[in-house]
Every structure is written in structure tokens, then in C-alpha cells.
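Q: sequence first, then the predicted structure:
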Amino acid sequence: MRNTGIEYTSAERTPTILPELAELLPPLSGEQLAALEKDILQNGCYAPIIVNEDLVVVDGHNRQQICTRHDLPYKMAVFAFDDLLEAKQWALDTQKGRRNLDKWELGKIALKLKPDIEARAKANMSAGGGDQKSEHARSGSATLPNPISTVDTRKELADTVGLGERTMGKVMQIDEHAPAAVKEALDKKELSIHQGYQITKQVENLPEEQREQAALEAVELAKAKKEIQEKDAEIDREGKIAGVFCKAYEKAVLLDPTEENVRIWAKCTRMTRDEMEDTVKESRELAEVFRTIADLMERLLPERGTL
């Protein structure tokens, strides 16, 4: 990939939208799209749309669509790519830094790249000497494994999107064998890939007519367990916060800030002038913290009993 340095305006050229590039990444949420549209309407499209040498949009589909819808001008920067796969990989690498894509979303993107990666592997095999299997057979050795076997493809897919090879393998198994209920739960972020894989394996030997219902029940059970874990985690978090406040107050009530006690503290700890000045500042900040706590506590006072 290289930047050719060539730029066009939307008045000079009209780019081409290729669905397999436009649909490579998950769509923006309604909120994200609205925020992007608001920014463009206020500030214009200040970042160029990236196109390849055939003027196919590689990065910036949402911005290009918004500008077209509102008849706003935009610039296009022409980048050179070896092939469409390199363009897709570059678009993915660029967007991964901007979006919070989870492992399931990355895995689905990798599956979209699978035909391109397999096609490139076949091309590389042909360029590297043709029928390796026949040559190997003539040598009297065992037949070579298929150069684009599942394991090899899985590794390259995993590397392309930044997933572990085992995780990518689970994504491929889910994509091929999982009931719809499992995939829908993963899309909604209600399951982890590991949970989705476990449910898929759990129901795979059931009769087909029972598989979907069994998967749905397993998904609901996993969601219920997750909810309980989240509630337990929230209880634990609240307990830790309460403990910090209790300890702070237990220590604070032990203080008797008379002039004599403060003088003894400074003397016995051999505070320097700078340290005393820092202590003055910190004490006033702490006083402000306790004042804020008092104000908040007043607002929370129940009419009777406890919160």
C-alpha cells in the first residue's frame, strides 16, 4: 500500500461503492452515525475519503454517503493497493483503532476475508511451482497436506484480525454449525465466543428439530448466570466503596485538631516548611471533600428509616 499523492474533489470525480468493502465492518450505531453527520454538517468533511486507483472507496463510506445526501463537497485521496484483499486489510487496520470491535465482530470480519485469503493462497501455490502434490508423490513420500487447509487458513484469518488461532477456530465452528439463537446472542453481546462454542458443541448431536430449542434454552441459562455474576460483582464493588468511606471516617474521628496536637505532630515528624505548606493545602482539600460528602448526604436523607 502507498499513498500516490493524487487527490480529487467530488466535483471532479465520482467514486465507486463496492458492497464487499462497504459492508466489511459492522455498521455504526444510530447514535454514532448521528454524531458523525452532525460533525460533518457543522465542520465539513475535513478528512479525505480513501479510494484505490480505480476510485473504489476503501475507507470513509459513511462520510461519503452523508456528504452525497447533503450535497456537500469532499476530497478523495488515491492509495495504491496490490489487490482488493490488501485494501480490505488496510481498511480493517485503520478502523480497528477507531472502533471498539469485540472478538466476535473481528471473527465475522475475518470470515468475510476468507475467500480472498484462500484465493491468494492458491495463486501463491501456483506461482511457487505448480502441482506440489504430484512432485511429492513421485519422491515416494506421503502426500502433502492441502496448502490451504483449514488450519493454515484459520491461522492467517486469525493473524489478519488480531485474534488467537484457537479463538478463530471457535468462530469458524460457530459460523458453520451454531443454531441461530447462538449467533443472535453473540451479535447482541450476550455471550462470549467460548460460551457460544460450548453451546454449539453441546447441541450438535441432537436431532435437527430439537437443536434450536435446546440452544435457545442454553443461551437463556447462560444469560441468567451472567446476570447473577454481574449482580455479585456490583455488590462486591459497592462493598469496597463503603469500606473505604468507613475506614476514612474511623480514622478521621480519632483526630483532635487542637493547636498543641498539631504542633506535636509537626515537631515529632520533623516537618520542613515546605512539608507544612503542602499539609496545609492537602488539609484544605480534604476539608472540601468532607464538605461535599456532607452536602450529598443531606440530599440523600430519607424521610425515615434507611435508604
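A: It's in. Residues are numbered from 1 along each chain as shown.
Q: I6 contacts V78, doesn't it?
A: Yes - contact status for I6 versus V78: in contact at 4.1 Å, counting by CB atoms under 8 Å. C-betas here are computed from N, CA, C, even on glycine.
Q: pick out whichever of the two has more residues nearby.
A: For I6 versus V78, neighbours defined as other CB atoms under 10 Å are more numerous around V78 (19 against 12).
Q: on the three-state scheme, that one is what?
A: Classification of V78 by DSSP: H, G, I helix; E, B strand; the rest coil places it in strand.
Q: roughly how far apart are it and P19?
A: Using CB to CB, to the nearest Å, V78 is found at 21 Å from P19.
Q: check E259 too.
A: From E259 to P19 the distance is 79 Å (CB to CB).
Q: how deep is S10 tucked in, by neighbour count?
A: S10: 18 surrounding residues under other CB under 10 Å.
Q: which residues touch it?
A: With contacts defined as CB atoms under 8 Å, 6 or more residues apart in numbering, S10 is in contact with C67, T68, P73, Y74, K75, M76.
Q: state the distance from it to L55.
A: Distance of S10 to L55, given as CB to CB: 11 Å.
Q: tell me, what's touching those two both at once?
A: Common contact partners of S10 and L55 (CB under 8 Å, 6+ apart): M76.
Q: for the stretch 51-200 of the chain, which segments count as strands?
A: Counting by DSSP state E, counting those that start in this stretch, the stretch 51-200 of the chain forms strands over residues 57-59, 75-80, given from the N-terminal end onward.
Q: give me the mean pLDDT for the longest one.
A: Averaged across strand 75-80, the pLDDT comes to 98.
Q: starting from it, tell me which strands it pairs with and how they run.
A: Sheet pairing here is set by DSSP bridges, and for strand 75-80 it gives strand 2-9 (antiparallel), strand 49-51 (parallel).
Q: could you dump these to CSV with distance to E156?
A: Conversion of the strands paired with strand 75-80 to CSV gives the following (distance: least, CB to CB, whole Å):
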stretch, distance to E156
strand 2-9, 23
strand 49-51, 24
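Q: point out the most buried one among those strands.
A: strand 49-51 (a mean of 22; mean count of other CB atoms under 10 Å).
Q: quick check, distance from that strand to the centre of its chain.
A: Its chain's average C-alpha position is 23 Å from that of strand 49-51, according to CA atoms, centre = their mean, to the nearest Å.
Q: ok, which of the strands paired with strand 75-80 comes nearest N205?
A: Distances from N205 to each of the strands paired with strand 75-80 were compared using CB to CB; the minimum, 47.6 Å, belongs to strand 49-51.
Q: and the contacts of that closest one?
A: Contacting residues not belonging to strand 49-51 are listed as 15, 57-60, 63-64, 74-79, 91 [CB under 8 Å, 6+ apart].
Q: equivalent analysis for stretch 53-72, please.
A: 4, 8, 10, 13-18, 21-22, 28, 33, 36-37, 40-41, 44-45, 47-52, 73-74, 76, 78-81, 87, 90-91, 94-95.
Q: can you pull out the helices in this protein?
A: Using DSSP state H, the helices of the chain run over 19-22, 30-43, 61-69, 84-96, 103-127, 132-138, 150-161, 165-177, 180-187, 193-203, 208-252, 259-268, 273-300.
Q: other SSEs contacting the fourth one?
A: Counting contacts by 3 or more CB pairs under 8 Å, 6 or more residues apart in numbering; DSSP states H and E, helix 84-96 packs against helix 19-22, strand 57-59, helix 103-127, helix 150-161.
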